[in-house]
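Asker: sharing a model that was predicted from the sequence below.
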Amino acid sequence: MAETTPPRTPIIGISLKMYFSPSRTASYISSFAPIASAASALGVSTFVIPDFLSAASCAHTLNSVSTPNPSAPTGVGAQDCFWEEEGAFTGEISPRHLAELGIRFVELGHAERRRIFSESDADVARKTAAAVKNSIIPVICVGEVDRDEDNIPSAVAFVADQIRAAVADIPTDAQIILAYEPVWAIGQPVPAPTSYINAVCSGLRSVLDAELGRKESARIIYGGSAGPGLFAELDPEAVDGLFIGRFGHDVKNFEIMVKEIAAKKYA
Ligand SMILES: O=C(CO)COP(=O)(O)O
């Protein structure tokens with residue numbers, strides 16, 4: 001069954017990629033838990049995506065954190081999943097098994113997976129459908145590869161095609177998160193220019209609302225060298241939150257960004 005609530009609550013998440021050892025991840029989660037609770041009180045949802053080795057124990061910890069606002073929960077995600085639920089698929093991870101362990105999000109189609117492991121839009125679509133079927137919220141990563149700040153319509157068109165492909169086989173009311181990450185802005189010292197992020201996200205918002213019927217069910221978060229100070233410059237009508245990488249490794253930065261999102265979204 002698709003996860004259909006809560007709609008469009010601001011949300012911030014971090015992927016730890018393959019940066020942290022299991023012990024460092026455990027210590028990060030201990031510091032993260034009270035921040036998630038405070039974020040909920042501010043009306044901001046949070047998630048952490050550790051590597052697979054730590055996902056179950058992180059879910060165990062974070063799922064027992066008290067989040068005072070039921071519309072702003074916290075949760076743990078996985079960095080990928082397979083589209084099949086069970087069987088002879090050596091090395092793959094079942095979305096049904098993730099759900100059984102209390103994992104509430106799954107990141108799909110990250111730029112690194114598309115580039116290094118040749119994941120296609122068709123793969124992402126099948127994984128998205130499998131996640132939704134298991135009540136896991138997909139965090140679908142999309143973004144254009146080349147930097148061309150003068151050509152916003154072409155970035156919007158490219159990313160909109162990625163989105164159309166990813167959601168082709170799920171119901172319109174299934175809750176999804178679109179992590180808009182211009183590939184050229186990942187792993188850089190600074191994010192994409194804010195005017196550019198705002199323009200692309202507002203183009204995508206129109207496609208989601210008018211064409212895909214996802215005004216309530218799809219949130220857009222920005223990722224790609226995002227850090228403190230960024231959200232204050234973003235358009236809160238177009239961008240629902242952030243997807244953090246390196247600049248959230250210091251959990252204090254994550255806390256700062258939670259507050260910046262709350263301030264801007266509830267201004
Ligand atoms: O890819 C990202 C999040 O998944 C962004 O990573 P960085 O913020 O480290 O560039």
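Answerer: Nice, thanks for sending it over.
Asker: give me the low-pLDDT residue ranges for the stretch 1-150 of the chain?
Answerer: Per-residue confidence for the stretch 1-150 of the chain (pLDDT under 70) gives these ranges: 1-7.
Asker: all strands for it, in order.
Answerer: For the stretch 1-150 of the chain, the strands defined by DSSP state E, counting those that start in this stretch cover 11-15, 45-49, 74-78, 105-108, 137-142.
Asker: out of those, flag the one nearest T25.
Answerer: Among the strands of the stretch 1-150 of the chain, strand 45-49 comes nearest to T25, with 8.7 Å by Cβ to Cβ. The way it works is simple: take the backbone N, C-alpha and C, and place the C-beta from them, glycine included.
Asker: ok, and what's touching the closest one?
Answerer: With contact meaning Cβ atoms under 8 Å, 6 or more residues apart in numbering, strand 45-49 is reached by 6, 9-16, 28-29, 32, 35-36, 39-40, 58, 62, 71-79, 104-105, 107, 139, 241, 258.
Asker: of the residues you listed, grab the buried ones for ChimeraX.
Answerer: A single ChimeraX command is used to select the members of the contacts of strand 45-49 judged buried by 16 or more other Cβ atoms under 10 Å:
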select :9,10,11,12,13,14,15,16,28,29,32,35,36,39,40,58,62,72,73,74,75,76,77,78,79,104,105,107,139,241,258
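Asker: just give the closest residue to the closest residue to the ligand within the stretch 101-250 of the chain, not the sequence neighbours.
Answerer: Going by Cβ to the nearest ligand atom, the ligand is nearest to G245 of the stretch 101-250 of the chain, at 2.2 Å. Leaving aside its chain neighbours, G245 sits nearest to S15 (6.2 Å; criterion: Cβ to Cβ, 6 or more residues apart in numbering).
Asker: which strand residues bridge the one you found?
Answerer: I49 (DSSP bridges).
Asker: tell me who's in contact with it.
Answerer: Contacts of S15 by Cβ under 8 Å, 6+ apart are 49, 77, 79, 107, 110, 243-245.
Asker: close enough to count as contact, A218 and A179?
Answerer: No. If you go by Cβ atoms under 8 Å, A218 and A179 don't touch, sitting 11.4 Å apart.
Asker: before we move on, back to that, which members of the contacts of strand 45-49 additionally contact the ligand?
Answerer: Among the contacts of strand 45-49, the ones lying near the ligand by Cβ under 6 Å from any ligand atom are S15.
Asker: show me which residues of the protein sit near the ligand.
Answerer: Counting by Cβ under 6 Å from any ligand atom, the residues of the chain that sit close to the ligand are 15, 110, 181, 186-187, 223-226, 243, 245-247.
Asker: can you pick out the most distant pair from those residues?
Answerer: H110 and F247 (16.7 Å).
Asker: between these two, which one's more packed in?
Answerer: H110 (28 against 19; other Cβ atoms under 10 Å).
Asker: how much space between the nearest residue to the more buried one once chain neighbours are set aside and S40?
Answerer: Leaving aside its sequence neighbours, H110 sits nearest to C141 (Cβ to Cβ, 6+ apart; 4.5 Å). According to Cβ to Cβ, to the nearest Å, C141 and S40 sit 25 Å apart.
Asker: what of R164?
Answerer: To S40, R164 is 33 Å away according to Cβ to Cβ.
Asker: before we move on, what about G229?
Answerer: For G229, the distance to S40 equals 23 Å [Cβ to Cβ].
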